[in-house]
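# Predicted structure and sequence below. I'll ask about it afterward.
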Amino acid sequence: MKLREIVAAIWQGLGPPDPTPAMAAPMEQADLIEVFKHDRQMTLKREGKVLKRYRIALGFAPERHKEREGDGRTPEGHYTIDARNRRSAFHLSLRISYPRERDKMHAASLNVPPGGDIYIHGMPNGWRKFATRHPRRDWTTGCIAVSDAEIREVWSRVPTGISVAIHP
């Protein structure tokens, strides 16, 4: 690879993200996201049928349910996708509705903040993209990460409001 090509590739990685993908046709959209933490797998389903499976990375301490801000755990339970962020610090992100009321009450019983800002997202934007290996290790702070190409596909197939089931 020539130096000019290397510099162009680095510059492209630091530049603005690709345009936001268009939504897929209704029959190609999922009605459920299932995450299997132990298997590091996320599945998009429609009417009980698997549309697509993805290899994922989780929080840096993925075992057990998220209890508090900063614990590095990915939550477990039933949530929804409640927002979309095309300008996040990561290549596209879909916000998961954590914490639920039950999560807040549990954190309060421990006298700690529950945390929040749990997303399904792509790789970091900017220089951090080059320092993050995916999916060889869990590296997020509690989120679910896929590659940039995969998050573009997920973004187009997942409507806001869809159910998310996160299993141990």
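Arrived safely, thanks for sending. Numbering: from 1, shown residues only.
# surely R46 meets A25?
No. The criterion here is CB atoms under 8 Å, and R46 misses it with A25 at 11.4 Å. All C-beta atoms are positioned from the backbone trio N, CA, C, and that covers glycine.
# Who has more neighbours out of the two?
R46 (16 against 9; other CB atoms under 10 Å).
# Can you name the next helix or strand after the worst-scoring helix or strand of the chain on mean pLDDT?
Within the chain, no helix or strand scores below helix 3-14, which has a mean of 52 by mean pLDDT, DSSP states H and E. Next along the chain after helix 3-14, taking DSSP states H and E as the criterion, comes strand 32-36.
# Mind listing the strands that next one pairs with, and their directions?
The pairing partners recorded for strand 32-36 under DSSP bridges are strand 41-46 (antiparallel), strand 163-167 (parallel).
# Number of residues surrounding the closest residue to L44 other than its chain neighbours?
When the adjacent residues along the chain are set aside, L44 lies closest to A30, with 3.9 Å between them (CB to CB, 6 or more residues apart in numbering). By the criterion of other CB under 10 Å, A30 has 23 neighbours.
# what's the span of stretch 34-47, first residue to last?
13 Å (CA to CA, to the nearest Å).
# Enumerate the positions of that stretch that are buried.
By neighbour count on 16 or more other CB atoms under 10 Å, the buried set for stretch 34-47 is E34, V35, K37, R40, M42, T43, L44, K45, R46.
# any idea how far it is from the chain center?
12 Å (CA atoms, centre = their mean, to the nearest Å).
# Stretch 37-55 now?
13 Å.
# Assign the residue positioned nearest the centre of the chain to helix, strand or coil.
Centroid-nearest residue in the chain: I120, 1.5 Å away (criterion: CA atoms, centre = their mean). For I120, the secondary-structure state derived from DSSP: H, G, I helix; E, B strand; the rest coil is strand.
# Could you check how far it is from A108?
Between I120 and A108 the computed distance is 26 Å (CB to CB, to the nearest Å).
# Near A149, how many residues? Count them for me, please.
Residues near A149, counting by other CB under 10 Å: 12.
# Make sure I have this right: it is in a strand.
No. A149: not assigned to a strand; according to three-state DSSP it is helix.
# Next one, pLDDT for it please.
At A149, the predicted lDDT confidence score is 92.
# Give the helix, strand or coil label for A108.
Assignment for A108 (three-state DSSP): helix.
# Identify the residues contacting it.
Contacts for A108 (CB atoms under 8 Å, 6 or more residues apart in numbering) come out as P114.
# List the beta-bridge partners for R55.
Going by DSSP bridges, R55 forms beta bridges with Q41.
# And E34, by the same measure?
According to DSSP bridges, beta-bridge pairing links E34 with T43, A165.
# Done for today, thanks.
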